[in-house]
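Q: Sequence first, then the predicted structure, then my questions.
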Amino acid sequence: MSYTEYDSIKTKLRVEDDSMRDEIELYMQEIDDLLDNRLRAKLGTRNIYGQEITLPLDYETVPAVPLELKAIANNLVVAKIRLQNSEKPMLWDSEVNILDNYLERVYGYARSSPYQPVRTISLNAYTGNAGDTITVSGTNFEPSTKLVCKFNTVEITTTPASVITNSKGVFSYTFVIPATQSVGSYVIKVYDSFGGLTSKFEVV
């Protein structure tokens, strides 16, 4: 996995052939290494769940590689090549500053505590009638852990009966809104030992 993309960089440099491929790929590797070093300094080696943080980031890692970071990486390669050719550091310094600001904004908090993956929770419907079956899904919860699932303050009967996250912290379950549930606004809650998330639901 590379943060940088040869074709995008070639387009930015307005190079129509592959005459600069070797030079571009050399700087691509240099920038990929730079990003890995900066990310490791921010993220550490393990997340809040004790799982190893794998670098380089890709679309399957936690965290996954953001498209914004890939765009910054491509701009850094372009700036590095122009720096070498012109010896004017203004563009390079500007792009490095953009990188540092981005990493601080997105991952800066992880320096003082382990990186915590961004959890998500979603429903197949956010309104429904008493007796309806609702599907609740989530990602980036504590891996391989039994969850506590509530409808407002009441722990609910779910399918499967025990909601257990997989090795990546993903889960999905269904539950039936009680037939006697009155019309109104409610909260669906899902917890592991590190906390949890809530989602609003409207019985109509």
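A: Yep, it's here. Residues are numbered from 1 along each chain as shown.

Q: Longest helix of the protein, counting residues only.
A: helix 21-43 (DSSP state H).

Q: Mind listing residues that contact it?
A: Helix 21-43 is contacted by residues 2-4, 6, 9-10, 13, 15, 53, 55-57, 63, 69, 73, 76-77, 80-81, 99-100, 103-104, 107-108, 110-111, 115 when judged by C-beta atoms under 8 Å, 6 or more residues apart in numbering. Glycine gets a C-beta too; all of them are placed from N, C-alpha and C.

Q: next one: stretch 160-177
A: Stretch 160-177 is contacted by residues 49, 62, 117, 119, 128-147, 149, 151, 156-159, 190, 192, 203 when judged by C-beta under 8 Å, 6+ apart.

Q: Flag every buried residue along that stretch.
A: Val163, Thr165, Gly169, Phe171, Ser172, Tyr173, Phe175, Val176, Ile177 (16 or more other C-beta atoms under 10 Å).

Q: before we move on, what about stretch 121-141?
A: In stretch 121-141, counting by 16+ other C-beta under 10 Å, buried: Ile121, Gly128, Ile134, Val136, Gly138, Thr139, Asn140, Phe141.

Q: buried set for stretch 90-98?
A: Buried-residue list, stretch 90-98, by 16+ other C-beta under 10 Å: Leu91, Trp92, Glu95, Val96.

Q: Can you check what angle separates the one helix or strand the third one maps to from helix 21-43?
A: According to DSSP states H and E, Glu95 maps onto helix 90-107. Between helix 90-107 and helix 21-43, the angle formed by their directions is 40 degrees, by axes from the mean of the first three to the mean of the last three C-alpha atoms, to 10 degrees.

Q: re earlier: drop anything exposed from the contacts of helix 21-43.
A: For the contacts of helix 21-43, buried by 16+ other C-beta under 10 Å: 2-4, 9-10, 53, 55, 57, 63, 69, 73, 76-77, 80-81, 99, 103, 107, 110, 115.

Q: Those residues in helices, which ones?
A: Using DSSP H, those in helices are Ile9, Lys10, Leu69, Ala73, Leu76, Val77, Lys80, Ile81, Leu99, Leu103, Tyr107.

Q: For the first one, list the residues it contacts.
A: Residues in contact with Ile9 (C-beta under 8 Å, 6+ apart) are Ile24, Met28, Asn74, Val77, Val78.

Q: Same check on the fifth one?
A: Taking C-beta under 8 Å, 6+ apart as the definition of contact, the neighbours of Leu76 are Thr4, Ile31, Leu34, Trp92, Glu95, Val96, Leu99.

Q: Ser19: which of these is nearest?
A: Thr4 (18.4 Å; C-beta to C-beta).

Q: for the closest residue to Ala64 other than its chain neighbours, what are its contacts?
A: Distances taken as C-beta to C-beta, 6 or more residues apart in numbering put Leu57 closest to Ala64, at 6.5 Å, once the chain neighbours are dropped. With contact set as C-beta under 8 Å, 6+ apart, Leu57 has these partners: Met1, Tyr3, Leu39, Pro63, Ala64, Val65, Leu69.

Q: For the chain, identify the residue most remote from the centre.
A: Centroid-distance maximum for the chain: Thr180 at 39.1 Å, with C-alpha atoms, centre = their mean.

Q: Lovely, talk soon.
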